[in-house]
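[1] this is a predicted model, with the sequence first.
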Amino acid sequence: MDTSNHSLSALFEQLGLPAGKADIEAFIRDHQLLEGQGLAQAPFWSESQAAFIGEALDDDSDWAERVDELALLLSK
């Protein structure tokens, strides 16, 4: 079991996205969830990214907290 303390930057890396502070801020600025839309269902993910996000939440993996954080950031 991976007991790493994952950061938001590490989540972006895991998703294959640029993970610098400015990159993350730009992503959040440019992508928003519709009201009631789940993060994994957002249209801006690739199939593999959406699967990773969905599995992280379904399995309550060690990534789930960062995935939840990203969902909150994209819901503002």
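    Received it, and whenever you're ready, just let me know what you need. Numbers count the residues shown, from 1 in each chain.
[2] packing partners of the longest helix seen in the chain?
    When the chain is parsed with DSSP state H, its longest helix is helix 47-58. On a contact count with 3 or more C-beta pairs under 8 Å, 6 or more residues apart in numbering; DSSP states H and E, helix 47-58 meets helix 64-73. All C-beta atoms are positioned from the backbone trio N, CA, C, and that covers glycine.
[3] what does the longest helix of the chain contact?
    14-16, 39-42, 45, 61, 63-64, 67-68 (C-beta atoms under 8 Å, 6 or more residues apart in numbering).
[4] again, only this time at 6 Å
    Contact with helix 47-58 is made by Leu15, Leu39, Ala40, Trp63, Ala64, Val67, as judged by C-beta atoms under 6 Å, 6 or more residues apart in numbering.
[5] out of the residues you listed, which are buried?
    Those of those that meet the buried threshold are Leu15, Leu39, Ala40, Trp63, Ala64, Val67, by 16 or more other C-beta atoms under 10 Å.
[6] and the second one, what's its pLDDT?
    If I follow you right, that is Leu39. As predicted, Leu39 sits at a pLDDT of 97.
[7] got the contact list for it?
    Ile53, Ala71.
[8] again, but for the fourth one
    Contact partners of Trp63, counting by C-beta under 6 Å, 6+ apart, are His6, Ala56.
[9] from Ala22, how far out is it?
    For Trp63, the distance to Ala22 equals 23 Å [C-beta to C-beta, to the nearest Å].
[10] same question, the third one
    Here the distance between Ala40 and Ala22 works out to 25 Å (C-beta to C-beta).
[11] find the residue ranges of this protein scoring beneath the pLDDT cut-off.
    1-4 (pLDDT under 70).
[12] quick revisit: make CSV out of the buried ones among the contacts of helix 47-58 and add distance to Ile28.
    Listed next are the buried ones among the contacts of helix 47-58 as CSV, based on distance: C-beta to C-beta, whole Å:
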residue, distance to Ile28
Leu15, 13
Leu39, 12
Ala40, 17
Trp63, 18
Ala64, 19
Val67, 14
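[13] pull the most distant pair out of those.
    Farthest-apart pair in the buried ones among the contacts of helix 47-58 is Leu15 and Ala64; separation 14.1 Å (C-beta to C-beta).
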